[in-house]
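fold the following.
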Amino acid sequence: MQINDHNPLPPYLPNPSRYSEMPFRRCGNSGILLPLISLGLWHNFGHNADFKNARTILRKAFDSGITHFDLANNYGPPFGSAEETFGRIMEKDFKSYRDELIISTKAGWDMWPGPYGNHGSKKYLIASLDQSLKRMGLEYVDIFYHHRPDPDTPMEETMGALDQIVRQGKALYVGISQYSAEETLKASKILKELGTPCLIHQPRYSMFDRWVENGLLDVIEKEGIGSIAFSPLEQGMLTDKYIKGIPEDSRIAKDGRYLKEGNITEEILKKVKALNLIALGRGQSLAQMAISWLLKDPRITTVLVGVSKPEQLEDNIKAVQNFVFSKDELNDIEKILQG
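Next comes the predicted model:
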């Protein structure tokens, strides 16, 4: 089953000035520059989504200078469907612009039944990428990630698979996601020895989830690895959408798998309201400030956003216009977060 396309859009001609507004940062010690905002296809691109809306979001992203689209084998639902949707849109709109794009995918979580469809074995990673390339209609991806550390597979095997994938021409670069500081250091050393250095680390990072500050950011800086922060808005909690209640079109109301109503506690709401006041004082939405707060650290190469509407993407992109904070602002934010 594929999501319908009953209301096709006109042929796509990208914005000729798409690179004039979006700043780019170098990704670690590499030749790659990434836009400060990247687009993730974790939600809203599966078979349950509206194809025209998905296509409009991707067009809006590229028109705004976003060159990096991030996927994974199991994004959907169902598993694989986000890659299928992206492949259809790629064929319709972006085929002529492939060399302007950084396309990434991942493997590491459950994907198919049995012992070979999960975790970090060479068999799983190589088979998964082969499937991903078919779904997206691509000859290669720019970045292939191991999606999470696997304590039961020797890291030498997992990193060896990433190295093999690059040597086979199926990916140009490799990355890791959610590895601890210690695991990242070990993975980086193995990959350097193999001759395929780790390009990028994708950690979960937001004002409400700051585990990366306990050593990981120092390791990626030392090792010359770039970083891309995902869930910067903490599944929507770091926006103003829940201040007055739970909207009918919110992720909680529609899904509830990753963010539940019980997560929106009085304590969280108090912090959100206080943070929102600081954001308004900066001339930003709370979502914009949450993204800007991450970008203030030059070790964060890019912030990965996920949106359900083109208008949300437009709002997120404006965060790049101001990611400088005064000492007073940072102190006030810290007091709220630690309160």
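
most centrally placed residue in the chain?
Nearest residue to the geometric centre of the chain (Cα atoms, centre = their mean): residue 304, 3.6 Å.

name the strands paired with the helix or strand that contains that one and say parallel or antiparallel.
Using DSSP states H and E, residue 304 sits in strand 302-305. Strand 302-305 pairs in its sheet with strand 37-40 (parallel), strand 226-229 (parallel), by DSSP bridges.

quick one: closest of those to residue 125.
Nearest to residue 125, of all these, is strand 226-229, at 19.4 Å by Cβ to Cβ. To be clear about C-beta, it is placed using only N, CA and C from the backbone, and glycine gets the same treatment.

ranges for the helices of the stretch 151-300 of the chain?
For the stretch 151-300 of the chain, applying DSSP state H, counting those that start in this stretch gives helices covering 155-167, 181-194, 216-223, 251-254, 266-281, 286-295.

mean pLDDT for those: which is lowest?
Note on the helices of the stretch 151-300 of the chain: lowest mean pLDDT is at helix 251-254, with a mean of 52.

so where's the stretch 201-339 of the chain uncertain?
Across the stretch 201-339 of the chain, the ranges flagged by pLDDT under 70 are 245-262.

switch to 80 and redo it
244-263 (pLDDT under 80).

follow-up on the earlier one: ok now the strand holding residue 304, how far from the chain's centre?
5 Å (Cα atoms, centre = their mean, to the nearest Å).

got it, and stretch 52-62?
With Cα atoms, centre = their mean, you get 16 Å for stretch 52-62.

buried stuff in that stretch?
53-62 (16 or more other Cβ atoms under 10 Å).

nearest to residue 217 among the residues you listed?
Nearest member of these to residue 217, counting by Cβ to Cβ, is residue 61, at 26.3 Å.

ok, now which ones touch the closest one?
By Cβ atoms under 8 Å, 6 or more residues apart in numbering, the contact set of residue 61 is 39, 69, 313.

narrow the residues you listed to just the buried residues.
By 16+ other Cβ under 10 Å, the contacts of residue 61 give 39, 69, 313 as buried.
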